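[1] fold the stuff below for me.
(one chain, ligands or ions: 1)
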Amino acid sequence: MAAKAANSRLKVWLDGKSIWYDEATVPILTHSLQYGSGIFEGIRAYQGKKGTAIFRLKDHVRRFIESTKIYSMNIGYDAHEIESAIIETVRVNRLKSCYIRPFAFYSDDHIGLDVSGKKVSVFVAAVPFSDYFGNGGRGLKAKVSSWRRINSDVLPVEAKASGNYLNSIISSIEAKASGFDEAILLSKNGYVSEGSAENIFMVKNGAIVTPHKASDILLGITRDTVIKLGEASGIVIEERDMHREELYAADEIFFSGTAAGIAPIVNVDGISIGSGRVGPITKMITEKYLNAVSGNNPDFEEWVTYV
Ligand SMILES: Cc1ncc(COP(=O)(O)O)c(C=O)c1O
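    This next block holds a predicted model:
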């Protein structure tokens, strides 16, 4: 018999039951598949000294529940039940480090946008995961996208909703087709907003600067982690409007995100950033981040949930 595909060996949590990945199927006309009406989270667990640690579980689940609320989606589970489903999924699959994807979606297979009274399903999947950009942290080449980041006049930017990600995908397609690793999107007002699935930071004269909420960013949990780790190290953190040209003149730039981790950027639009190599503050934040996510920093151990 042929070896089972990697995901087939995994169990997923679907509507309250832990079942095999291959058994968790949906009809092709599933509403959220057609219209992008799903709500999701991206969470990671890391192998630490005390075992598998899920990073900022409560914060991710809070954002998940808030995203469903923004869209008036009644998922039928409270935060505690979703947290338990996540812990159970990591445990049952005996995963040491992994990416966890809770997903709430309209599982009804009807044509038409009306979701009132329609069935909602929730799954939690967890899969082994390593380097998001696949470049071993060497430093990315980013392109300021010709696509603008969606804004709150059009869609709720703070909700992690599937449909929002078409904006991310089209900017990423453009960046890759132009020979870059990732896109940087500007806000509708022309200020720096974020990457396709990452928040962005620059270092200038020893301070860390990042776009504020008014730049239509997703309020990233890794972003908040970087701010807190930076503050704990005595670094000045500025959350404000950022001009595109400030990127070109920055000393260091990096992305932050659950999937991306801390990902250094060494070139924007063909312009070399700072020394052209990964800078000292980026290295310091990366080290502190990797310690915190795996529960190895006692000052921030409340951020991790052991499985
Ligand atoms: C659009 C967008 N911005 C920023 C982030 C970073 O958020 P977090 O650090 O919570 O993963 C993500 C990651 O999910 C994202 O999709």
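[2] helices along the stretch 201-307 of the chain, start to end?
    Along the stretch 201-307 of the chain, the segments classed as helices by DSSP state H, counting those that start in this stretch run 221-232, 244-248, 280-293.
[3] elements contacting the second one?
    Read it as helix 244-248. Secondary-structure packing of helix 244-248 (3 or more CB pairs under 8 Å, 6 or more residues apart in numbering; DSSP states H and E): strand 192-195, strand 199-204. (Glycine included, C-beta is placed from N, CA and C.)
[4] which residues touch the first one?
    To tie it back to what came earlier, the one meant is strand 192-195. 142, 148-149, 182-187, 200, 211, 215-218, 220, 242-244, 246-247, 255, 257, 260 (CB atoms under 8 Å, 6 or more residues apart in numbering).
[5] same question, stretch 92-99
    10-11, 18, 42-47, 52, 90, 126-130, 258-259.
[6] and residue 83, how many neighbours?
    20 (other CB atoms under 10 Å).
[7] next one: phi and psi at it?
    When read as degrees, to the nearest 10, the backbone of residue 83 gives phi -60, psi -40.
[8] correct me if wrong: residue 156 contacts residue 72.
    No - with contact defined as CB atoms under 8 Å, residue 156 and residue 72 do not form a contacting pair (11.4 Å).
[9] who has more neighbours, these two?
    Neighbours were counted for residue 156 and for residue 72 using other CB under 10 Å; residue 156 has more, 14 against 8.
[10] sorry, back to before: out of the contacts of stretch 92-99, which are buried?
    Neighbour counting by 16 or more other CB atoms under 10 Å classes 10, 11, 42, 43, 44, 45, 46, 52, 90, 126, 129, 258 among those as buried.
[11] before we move on, back to that, out of the helices and strands packed on helix 244-248, nearest to residue 307?
    strand 199-204 (26.6 Å; CB to CB).
[12] how about that closest one: buried residues?
    So strand 199-204, judged by 16+ other CB under 10 Å, has buried residues 199, 200, 201, 202, 203, 204.
[13] now for these: which two are most distant?
    Farthest apart among the buried residues of strand 199-204 - using CB to CB - are 199 and 204, which lie 16.6 Å from each other.
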